[in-house]
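S.K.: Give me the fold of what follows.
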Amino acid sequence: MSLKDRFVTAVRLPLSVGSRPSRVIVLCYAGFLTSAIAQVTPEPPAFDLSTAQATPTNAPGELLPLNTPASAPAPRLGGTSQLAGPPPAGALPAQALFQWGPIAFRPHVFYSLSYGNGFQGAPGQQGNTLVNEIDPGILLQLGTHWTLDYTPTLRYYSSRLFQNTFDNRVTLTGGTAFGDWSLGLSQSYASSSQPLVETASQLDQETYSTALTATYRMSTALSLELAANQNFQFLGQNTAAIGQLSDWRSWSTLDWLNYQFWPNFGAAIGAGFEYDDVSVGPNMTSEQLQGRITWRAGNKLNLVLSGGVQDRQFLSSTVPDSVTPIFSLAAFYQLFEPTTLSLTASRTVSPAYFANQTTESTTVSAGVSQRLLKRLLLSVNGTYGTTTYLASTATPGPSIASNLDSTSLNVSLSTTFLKRATASIFYQLAYYSSASTIYNYSTTQEGLSLGYRF
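M.R.: Residues are numbered from 1 along each chain as shown. Here you go, the predicted structure:
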C-alpha cells in the first residue's frame, strides 16, 4: 500500500436507532456486494513495504517532489480503541473534482454502521451499542509539494452509556528536493473521544504533532536520514476508578546512517534522543541505539527489521534508570499473485496515560490478504499485545493493574465499484485480561461501510 493509500477518508451517516440491529443487516449487505460484482474491479493490495515501517528504507532512492496522498481515515490517537479500525480503501481518482489554478479539490466521504457487544463506557460498566459514523472531509492538493486534509468525524451511539462525539483532524504535509537533499514536513492536529481499553472508559484526547525529515545522499550507496519530532497529548477527565491521568509533551530525534550493500539489501545504524515533559510525575529523558536491515527478495519477500536498546532516566526521582530492549519488524510475503502474508511486531517504551508511570508494550500481528473472484478482497488479521506498567516514582499511587494483555481477530471483505467507491463488511473479536477485574472482558463488533472519493 503506497503513501497515497494511507490517507483515505471514512464517512459515516448518523442514524437514530435505539434497538439492537439484526445480523440480517450484514447478510443483506453481502447480497449487495454480490449484485455489484459485474461492475466491481478492485486491484490486489499494493506490495509496498513502506507503509509498515516507522522509518524510511535504506535505499537512497530518487529525490522527487512529495507524492500527493489520498485522503484517509484519521488514525487512532494514543491508546487501544475498543472500536474496530477502518477498512482498506481504493486508489485515489486520477482527476480531481475541481481545479482552481494550482489547487485541486478532492472531497471524500465514508460511512460506517456497526453493532458492538461488551464495550466499556465507564470502569466496570459494559454495554451494547449501535455505532453510526460519518467522516465528510476534503483534501486540497497545493501544487506538487503540499497537501492539506481536513476530516471531521461524527459518531453516534444508541446506548446512553456513551456520548455522541464530534472529532476533528487537520493534516498539512509537504516536501521537496534540493540537490542531494530531500526535505519533508508534516503538521497535524487531532481531537477524539473514543472508548479506550487502557482507561476502561470513553476518553477525550487532543494531539498536536510536528515532524521534520531530511535525507542526504552522500553517494550511490551511502545516505543519511535525519528526523525531528514534537508531539503533545492532552487528556480529558480523570477516572477515580483507575487513577489520575497525565498529559505529556515530547521532543525526539532518531537519525540513521544507511549503506546499500546490494540493490535489494541494505543496513543502517541509528541513534536517538527523547525528552518527555509530563504534567504529573517526573520528567524523563531517554537515549537509544539501533541497527536495521532492509531486504527485498525479488517480488516475493519484503523485510525490514530493526532492534537495539533504550536507556530511560527519570528526572527528580529515586527510581533507577530503565534499560530496555526495543525492536520493530515488518515482513510481507506474496505467496501467490492474489495472496499476501504479513507479519509485524514491535516493542516500545513510553510515558503512560497514568500519573507516575511508564509502559513497556510488545505487539505481534499476523495476517493474510486474499483476492477472491478477482473482485473481492478478504483480509484476516490476528494481533496479540501485552503492556506492563512500571512506576517512575517510589510512590506511584493507585492506578491500573500492573499488566494488560489483549488478543484480537479482525476479518473484512471489501471491494471497489464505480471506480471511486468502496464497500466493506467487517467483524472484530477481542479479549482483554489483567490482574484488575475491570479489565477482564471481551467485545465483538460487526458492521458495514461505504466510501466515496471525488
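S.K.: Tell me how far residue 257 lies from residue 292.
M.R.: Using CB to CB, to the nearest Å, residue 257 is found at 10 Å from residue 292. Every C-beta, even on glycine, is put in place using the N, C-alpha and C of the backbone.
S.K.: Mutual contacts of those two, please.
M.R.: Counting by CB atoms under 8 Å, 6 or more residues apart in numbering, the residues touching both residue 257 and residue 292 are 268-270.
S.K.: Let me see the ranges of the strands in the stretch 151-300 of the chain.
M.R.: Listed in chain order, the strands of the stretch 151-300 of the chain (DSSP state E, counting those that start in this stretch) span 165-178, 181-196, 201-217, 222-235, 248-262, 265-278, 284-297.
S.K.: got CSV for the ones you listed, with distance to residue 316, mean neighbour count and mean pLDDT too?
M.R.: Shown next, in CSV, are the strands of the stretch 151-300 of the chain (distance: least, CB to CB, whole Å; neighbours: other CB atoms under 10 Å; pLDDT from 0 to 100):
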stretch, distance to residue 316, mean neighbour count, mean pLDDT
strand 165-178, 35, 17, 95
strand 181-196, 29, 19, 93
strand 201-217, 25, 18, 94
strand 222-235, 21, 18, 95
strand 248-262, 16, 17, 96
strand 265-278, 11, 18, 97
strand 284-297, 10, 17, 96
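S.K.: Let me have those strands in a markdown table, extended by distance to residue 314.
M.R.: Below are the strands of the stretch 151-300 of the chain laid out as a markdown table (distance: least, CB to CB, whole Å):
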| stretch | distance to residue 314 |
| --- | --- |
| strand 165-178 | 33 |
| strand 181-196 | 25 |
| strand 201-217 | 24 |
| strand 222-235 | 19 |
| strand 248-262 | 14 |
| strand 265-278 | 10 |
| strand 284-297 | 6 |
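S.K.: so what's residue 283 closest to, chain neighbours aside?
M.R.: Among residues not flanking residue 283 along the chain, residue 315 sits closest, at 4.7 Å (CB to CB, 6 or more residues apart in numbering).
S.K.: shaky segments in the stretch 51-200 of the chain?
M.R.: 51-78, 86-92 (pLDDT under 70).
S.K.: try 80 this time
M.R.: Low-confidence segments of the stretch 51-200 of the chain, defined by pLDDT under 80, are located at 51-80, 85-95.
S.K.: now do the stretch 351-454 of the chain
M.R.: Looking at the stretch 351-454 of the chain by pLDDT under 80, you get 394-402.
S.K.: Got phi/psi on the residue nearest to residue 283?
M.R.: phi -70, psi 140 (degrees, to the nearest 10).
S.K.: Help me confirm that it comes into contact with residue 281.
M.R.: No - Residue 315 lies out of contact with residue 281 (CB atoms under 8 Å); the separation is 10.0 Å.
S.K.: So if I had to pick from the two, which one is more boxed in?
M.R.: residue 281 (26 against 13; other CB atoms under 10 Å).
S.K.: Please read off the pLDDT at the residue nearest to residue 283 from the model.
M.R.: pLDDT for residue 315: 94.
S.K.: residue contacts, it?
M.R.: 282-285.
S.K.: Closest one to residue 353 out of these, please.
M.R.: Using CB to CB, residue 284 is the member of the contacts of residue 315 that sits closest to residue 353, with 14.8 Å.
S.K.: between the strands of the stretch 151-300 of the chain, which gets nearest to residue 416?
M.R.: strand 165-178 (23.7 Å).
S.K.: Now do the helices in the stretch 51-200 of the chain.
M.R.: Ranges of helices in the stretch 51-200 of the chain, per DSSP state H, counting those that start in this stretch: none exist.
S.K.: Point out the one among the strands of the stretch 151-300 of the chain that comes closest to residue 84.
M.R.: Counting by CB to CB, residue 84 lies closest to strand 181-196 out of the strands of the stretch 151-300 of the chain; the figure is 11.3 Å.
S.K.: so how far is that closest one from its chain's centroid?
M.R.: Its chain's C-alpha centre and that of strand 181-196 lie 11 Å apart, by CA atoms, centre = their mean, to the nearest Å.
S.K.: And for stretch 132-149?
M.R.: Worked out by CA atoms, centre = their mean, stretch 132-149 lies 18 Å from the chain centre.
S.K.: Could you do stretch 211-226 as well?
M.R.: Here stretch 211-226 is found 25 Å from its chain centre; the criterion is CA atoms, centre = their mean.
S.K.: Check stretch 338-347 too.
M.R.: Counting by CA atoms, centre = their mean, stretch 338-347 is centred 15 Å from the centre of its parent chain.
S.K.: Next: stretch 176-186.
M.R.: With CA atoms, centre = their mean as the basis, stretch 176-186 stands 25 Å off its chain's centre.
S.K.: can you list contacts of it?
M.R.: For stretch 176-186, the surrounding residues in contact (CB under 8 Å, 6+ apart) are 63-66, 145, 171-175, 209-218.
S.K.: Same check on stretch 295-313?
M.R.: Stretch 295-313 has contacts (CB under 8 Å, 6+ apart) with 47, 49, 52-53, 55, 57, 264-265, 270, 284-294, 321-334, 349, 358.
S.K.: Checking residue 438 next. Helix, strand or coil?
M.R.: The three-state assignment at residue 438 reads helix, by DSSP: H, G, I helix; E, B strand; the rest coil.
S.K.: what's the burial count for it?
M.R.: Residues lying near residue 438 (other CB under 10 Å) number 19.
S.K.: Likewise for residue 157?
M.R.: A count of neighbours around residue 157, defined by other CB under 10 Å, yields 21.
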